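Visitor: Here is a sequence with its predicted model. Questions after.
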Amino acid sequence: MARKGKVVIDRELCKGCLLCIRACPMKVLEKEESPNSTGSYPSKVVHLDKCIACGNCWEVCPDFCISIYDLEAAS
């Protein structure tokens with residue numbers, strides 16, 4: 001059974017370095033089209049169903065704005 005995960009990004013804390021996008025093996029994340037209150041274009045979750053809770057995005061985030069949740073295994 002494959003792992004299922006959930007990634008949550010605090011768009012106000014994200015400075016838009018996009019390291020998480022490059023680190024994600026499942027291509028769950030993309031760049032936001034609209035800026036946050038600081039003028040940065042943060043990352044956003046676009047394919048949540050593909051998340052495997054690997055933690056790569058969390059590991060590379062310099063701003064501590066990513067949370068990862070390991071959900072029950074997929075059927």
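Guide: Structure received.
Visitor: Against Val7, how distant is the nearest residue to Asp10 once chain neighbours are set aside?
Guide: Of all residues not flanking Asp10 in the chain, Cys65 sits nearest, at 4.3 Å (C-beta to C-beta, 6 or more residues apart in numbering). Using the backbone N, CA and C atoms, a C-beta is placed for each residue, glycine as well. Separation of Cys65 from Val7 (C-beta to C-beta, to the nearest Å): 11 Å.
Visitor: ok, now Phe64?
Guide: From Phe64 to Val7 the distance is 14 Å (C-beta to C-beta).
Visitor: okay, those two: which has more neighbours?
Guide: Using other C-beta atoms under 10 Å as the criterion, Phe64 and Val7 rank with Val7 on top: 24 against 9.
Visitor: what secondary structure does the more buried one sit in?
Guide: Local secondary structure at Val7 is given as strand here, using DSSP: H, G, I helix; E, B strand; the rest coil.
Visitor: how about it, what does it touch?
Guide: When contacts are counted by C-beta atoms under 8 Å, 6 or more residues apart in numbering, Val7 is found next to Val28, Leu29, Val45, Leu48, Cys51, Ala53, Cys57, Trp58, Ile66, Ser67, Ile68, Tyr69.
Visitor: and it, what pLDDT?
Guide: Val7 carries a pLDDT score of 96 in this model.
Visitor: Just list whatever residues bridge to it.
Guide: Taking DSSP bridges as the rule, Val7 bridges to Ile68.
Visitor: buried ones in stretch 12-28?
Guide: Cys14, Gly16, Leu18, Leu19, Cys20, Ile21, Ala23, Cys24, Val28 (16 or more other C-beta atoms under 10 Å).
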